[in-house]
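K.L.:
predicted coordinates and the sequence they were generated for:
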Amino acid sequence: MEEEFDKKLILENGAEFLGSSFGADRKTVLEIVFNTSMTGYQEILSDPSYAGQAVVMTYPLIGNYGTADGDYESDVPAIGALIVREYNDEPSNFRSTATLAEVMRRYGIIGISGIDTRKLTRIIRDFGSCKAFITDRSAPSDKCLEMLRAYKLRTDLVPGVSRKTEEYYGNPDAKTHIVAIDCGMKKNIIRSLCARGCRVTAVPWNTGAERIRELNPDGVFISNGPGDPADVPQTIQTVRRLIGEYPVFGICLGHQILSLAYGAKTYKLKFGHRGGNHPVRDIETGRIEITSQNHSYAVGAESLAGTPLSVTHINLLDETVEGVKCERDLAFGVQYHPESSPGPQDSAYLFDRFTDMILKGKKNA
């Protein structure tokens, strides 16, 4: 019922939506995007790549299986808001330890239900990802829109989600040692590397090349993370200094950082790729993978000319670059998430490819 609506969502193109609050009760300006996944709202909530964003879930029912302690992708969720059609506050799941609303209030995350998410998603597709103001229903729309259009979104997102100190995972006696540069790394990436017999040293985003050399890795991993890769020039410079010395693997933002380190360019997509059903073709094998994705930026295909990188994967929806490699330097990256949890596992073999590449590098040393 409309009389129950206490919140208002205003887009910078002037569109307005009324809804009911179910998370933290506060006002904020965020970039609004949409995700087409049917499950995994807890993992989306806790994915550091959503820092500073309001995420519209296109699947209409959210909250019905609650949240489980073992399903977080980060210790402290950085997402700004979750916007849904229908919120269920009575989860049916034996693993559930808290409702979604309880978790969102705990971490100060705004939740709005009752929104026509189908209409809202179409606006984002047509207009593009944009700024959105979430406020009280009673707030004057003209004043809100004026403030919204003048507001500058944050660009220092990676430092806010990266760990502050080095941390260690896996069997200390493992023969393969990976240094993972944390730009907002999901927990399942570390689990995926440890499951393949690696020990992992996770380091902050601004760790220099000299420190990484001191750690004596067998390979270097660059993680996913939020925002524009151009906002982390320190990480790009570090990777530029390390390529050719160690096998390197980058995922999502890490793939973009790797490409920039080789001299390629990135650009912002109109509304990004976010969901668990994006088809990607492996150019070398012809194999089609159904992938999980979450990013606003992509590597420009034309910018790869003149670099030692070659394209390995292509998105079948819009033909954007989904993977690159440098055979000479034993380096590669993919734009999607092979560690997806939950989600398609078609691409988990890429972690095996990385460890095989490390063994190849050791034999050639």
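P.N.:
Arrived safely, thanks for sending. Residues are numbered from 1 along each chain as shown.

K.L.:
can you tell me the centre-most residue of the chain?
P.N.:
Nearest residue to the geometric centre of the chain (Cα atoms, centre = their mean): Ser49, 3.4 Å.

K.L.:
and that one, which of the three is it?
P.N.:
At Ser49, secondary structure determined by DSSP: H, G, I helix; E, B strand; the rest coil is helix.

K.L.:
mind listing the helices for this protein?
P.N.:
Assigned by DSSP state H, the helices in the chain fall at 41-45, 100-106, 117-127, 141-150, 157-161, 187-194, 209-214, 233-242, 253-261, 349-364.

K.L.:
on that earlier part again, which residues sit in contact with the residue nearest to the centre of the chain?
P.N.:
Neighbouring residues of Ser49 by Cβ atoms under 8 Å, 6 or more residues apart in numbering: Gly184, Lys186, Asn224, Gly225, Pro226, Cys252, Leu253, Asn294, His295. Backbone N, C-alpha and C define where each C-beta goes, glycine included.

K.L.:
ok, the residues you listed vs Ala24, which is closest?
P.N.:
Closest approach between these and Ala24, by Cβ to Cβ: Pro226, at 19.4 Å.

K.L.:
that closest one touches Leu157, doesn't it?
P.N.:
Yes - counting by Cβ atoms under 8 Å, Pro226 does reach Leu157; the two are 4.1 Å apart.

K.L.:
anything in contact with each of those two?
P.N.:
Ala51, Gly52, Gly184.

K.L.:
now, of the residues you listed, which are buried?
P.N.:
Ala51, Gly52, Gly184 (16 or more other Cβ atoms under 10 Å).

K.L.:
out of the shared contacts of Pro226 and Leu157, who's nearest Arg118?
P.N.:
Closest to Arg118, out of all of those and judged by Cβ to Cβ, is Gly52, at 24.4 Å.

K.L.:
and stretch 181-195, which residues are buried?
P.N.:
Under 16+ other Cβ under 10 Å, the buried positions of stretch 181-195 are 181-190, 192-194.

K.L.:
quick revisit: considering the contacts of Ser49, which possesses the most neighbours?
P.N.:
Within those, most neighbours by other Cβ atoms under 10 Å means Leu253, with 34 neighbours.

K.L.:
for the closest residue to it other than its chain neighbours, what are its contacts?
P.N.:
Excluding its sequence neighbours, the residue lying closest to Leu253 (Cβ to Cβ, 6 or more residues apart in numbering) is Gly225, at 4.1 Å. For Gly225, the contact set (Cβ under 8 Å, 6+ apart) comprises 48-49, 157-158, 161-162, 183-185, 205, 232, 252-254.

K.L.:
adding distance to Thr176 and pLDDT, write those residues out as TSV.
P.N.:
TSV is the format used below for the contacts of Gly225 (distance: Cβ to Cβ, whole Å; pLDDT from 0 to 100):
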residue	distance to Thr176	pLDDT
Pro48	25	97
Ser49	26	97
Leu157	31	97
Val158	26	98
Val161	26	98
Ser162	23	98
Cys183	22	98
Gly184	24	98
Met185	18	98
Trp205	23	98
Val232	26	98
Cys252	22	98
Leu253	23	98
Gly254	18	98
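
K.L.:
could those be laid out in CSV, adding distance to Gly63?
P.N.:
Formatted as CSV, those follow (distance: Cβ to Cβ, whole Å):
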residue, distance to Gly63
Pro48, 21
Ser49, 21
Leu157, 26
Val158, 29
Val161, 24
Ser162, 29
Cys183, 29
Gly184, 25
Met185, 26
Trp205, 32
Val232, 34
Cys252, 26
Leu253, 29
Gly254, 31
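
K.L.:
closest to Phe94 among those?
P.N.:
Once Cβ to Cβ is applied, the member of these that ends up nearest Phe94 is Pro48, at 28.1 Å.

K.L.:
neighbouring strands for whichever strand in the chain runs longest, and are they parallel or not?
P.N.:
Across the chain, the longest stretch assigned as strand under DSSP state E is strand 266-282. Here strand 266-282 has these sheet partners by DSSP bridges: strand 288-299 (antiparallel), strand 310-315 (antiparallel).

K.L.:
what residues sit buried inside stretch 114-127?
P.N.:
Neighbour-count burial for stretch 114-127 flags Gly114, Ile115, Thr117, Leu120, Thr121, Ile123, Ile124 (criterion: 16+ other Cβ under 10 Å).

K.L.:
ok, and what's touching it?
P.N.:
4-5, 9, 11, 13, 15, 17-20, 32-34, 56-58, 60, 83-86, 130, 270-271.

K.L.:
repeat for stretch 36-43
P.N.:
44, 57-59, 62-63, 67-68, 71-73, 82, 100, 103, 274-277, 292, 341-343.

K.L.:
what average pLDDT does that stretch get?
P.N.:
Average pLDDT, stretch 36-43: 96.

K.L.:
now swap in stretch 292-300 and tell me
P.N.:
The model assigns stretch 292-300 a mean pLDDT of 97.

K.L.:
roughly how far is that stretch from the heart of the chain?
P.N.:
Mean-position distance between stretch 292-300 and its chain equals 9 Å (Cα atoms, centre = their mean, to the nearest Å).

K.L.:
quick one: residues in contact with it.
P.N.:
By Cβ under 8 Å, 6+ apart, stretch 292-300 touches 33, 35, 37, 44, 47, 49-50, 129, 224, 227-229, 252-253, 255-256, 259, 264-269, 272-276, 278, 320-321, 324, 335-337, 340, 343-344.

K.L.:
report the buried residues of stretch 311-331.
P.N.:
Quick answer for stretch 311-331 (16+ other Cβ under 10 Å): 312-315, 320-326, 329-331.

K.L.:
out of the residues you listed, which is nearest to Ala301?
P.N.:
Set against Ala301, the nearest of the buried residues of stretch 311-331 by Cβ to Cβ is Val321 (5.2 Å).

K.L.:
cool, thanks, signing off.
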